[in-house]
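Peer 1: what's the 3D shape of this:
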Amino acid sequence: MDLGLLVVGLIVVLSIIFWGIKSTIDKLNQRYVFYSAVILYAFSWFLRGNVTNQTEHYLLFASVIVIAFLTTFFRLSFNKQFFDDANKQHPLAFIIKKSYLSQSGLIVFFALLSWSLITIDNASDTLHIFYWCLTPIALLYGMYPLQRKTHLQSELSHE
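Peer 2: Numbering: from 1, shown residues only. Have a look, this model is predicted:
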């Protein structure tokens, strides 16, 4: 029952938040929005590492809302960057390449996570440490616009 209420509450709160900020985000400098989203996404991994079984219900609810918002905000920002690039190139090939890369990343992520949870006795501590290690790794997404710029320049020079 608690989980169901949490999910419904989460959907309602996030819908209201994104409805309120969607027009504002489109008016801002997209580069700054993206870099802000990357930093906030890394912070969301730090927050994940701080949630425990002893977290009070109201703090857990607030944490889940913040984590979900920051993650969704990052995905929206990243996908906007990505699909802008896909439209400048061969869209289908670009999207397939992204799918292969993201699926490969998920395989590595869950393989490492499952291996660490199986081999270490205290799974709860392992998960917290794993999330904290992902905090600085999430910042690597900030390199995407730099790679994109270099890739587009190299394609233009070949044409």
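Peer 1: hey, let's count contacts and neighbours off CA atoms from now on
Peer 2: Noted.
Peer 1: helices along this protein, start to end?
Peer 2: 2-27, 30-50, 57-88, 91-119, 123-138, 144-158 (DSSP state H).
Peer 1: mean neighbour count and mean pLDDT added to the ones you listed, as a markdown table?
Peer 2: Converted to a markdown table, the helices of the chain look like this (neighbours: other CA atoms under 10 Å; pLDDT from 0 to 100):
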| stretch | mean neighbour count | mean pLDDT |
| --- | --- | --- |
| helix 2-27 | 12 | 78 |
| helix 30-50 | 20 | 91 |
| helix 57-88 | 16 | 82 |
| helix 91-119 | 13 | 81 |
| helix 123-138 | 17 | 81 |
| helix 144-158 | 11 | 54 |
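Peer 1: residues near the nearest residue to residue 35 once chain neighbours are set aside, how many?
Peer 2: Nearest residue to residue 35 in three dimensions, chain neighbours excluded: residue 142, at 6.1 Å (CA to CA, 6 or more residues apart in numbering). Counted with other CA atoms under 10 Å, the neighbours of residue 142 add up to 17.
Peer 1: and residue 142, how far from residue 98?
Peer 2: 16 Å (CA to CA, to the nearest Å).
Peer 1: give me the nearest residue to the residue nearest to the spatial centre of the chain, chain neighbours excluded.
Peer 2: The residue lying closest to the centre of the chain (CA atoms, centre = their mean) is residue 71, at 4.4 Å. In space, residue 71 comes closest to residue 41 once its chain neighbours are excluded; the distance is 5.7 Å by CA to CA, 6+ apart.
Peer 1: pretty sure the one you found contacts residue 138?
Peer 2: Yes - proximity of residue 41 to residue 138 meets the contact threshold set by CA atoms under 8 Å, at 6.9 Å.
Peer 1: identify the residue nearest residue 131 in space, chain neighbours excluded?
Peer 2: The shortest distance from residue 131 to any non-neighbouring residue, by CA to CA, 6+ apart, is to residue 49 (5.0 Å).
Peer 1: got the phi and psi for residue 29?
Peer 2: Dihedral pair for residue 29: phi -60, psi 120, per degrees, to the nearest 10.
Peer 1: that one - how many residues pack around it?
Peer 2: Around residue 29 there are 9 other residues, counting by other CA under 10 Å.
Peer 1: what's the answer for residue 143, then?
Peer 2: Counted with other CA under 10 Å, residue 143 comes out at 11.
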